[in-house]
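Student: After the sequence you'll find the predicted model.
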Amino acid sequence: MTLRISRVLLVAAVAFYYTLIVFNNCADYGTNYEFVRHVMLMDTAFPGNHGTWRAIQSLWLHKSFYDGVIVWEAVVAVLCWAGSARMLRELRGSMGVFFKASQIAAAGLTAGLLLWLVAFLTIGGEWFLMWQSKIWNGQEAALRMFLVTGMVLLVVIIPEREKSA
């Protein structure tokens, strides 16, 4: 029972965190929009970098990418809230029932992992060379969120053992 409660609480904590991320991104839209804009402009990459041909100047694309990230974060939050609620409802259910209930949470956590790996570490970090910027570098934060989300996913998918008699 302790492991099941741990799973529910950890998924709910991730859901709460993503909810606050979405709230902050909406309540103070301009701050993180500037981050995305500068990363996509590549205006703080190493001087003379030959990769800056990848920079995107379109403000419409900057806004679209940022809005897409916010929607992605909201989907993660909703899936994790729904997953934690479903696991809580099935807390005393059989192993199979509880495992099935955890699948929504696993989907949400996987979506969170993909957000940090694809949008931040891969596109931002490698395509737009965010790692070269001393000002607009979110690699450490992205890695931290990837690791936290991944650890919670591992806790959720750890198989239960049958109770010994």
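Tutor: Yep, that arrived. Numbers count the residues shown, from 1 in each chain.

Student: How about the contacts made by the residue most central in space within the chain?
Tutor: Nearest to the geometric centre of the chain sits residue 112, at 3.1 Å (C-alpha atoms, centre = their mean). Contacts for residue 112 (C-beta atoms under 8 Å, 6 or more residues apart in numbering) come out as 14, 18, 76, 80, 145, 149. The way it works is simple: take the backbone N, C-alpha and C, and place the C-beta from them, glycine included.

Student: Now residue 152: closest residue in space that isn't a chain neighbour?
Tutor: Nearest residue to residue 152, sequence neighbours excluded (C-beta to C-beta, 6 or more residues apart in numbering): residue 10, at 4.6 Å.

Student: before we move on, back to that, for residue 2, see how far away the residue nearest to the centre of the chain is.
Tutor: 24 Å (C-beta to C-beta, to the nearest Å).

Student: which secondary element of the protein has the worst mean pLDDT?
Tutor: helix 95-101 (a mean of 90; mean pLDDT, DSSP states H and E).

Student: Packing partners of that helix?
Tutor: helix 59-89 (3 or more C-beta pairs under 8 Å, 6 or more residues apart in numbering; DSSP states H and E).
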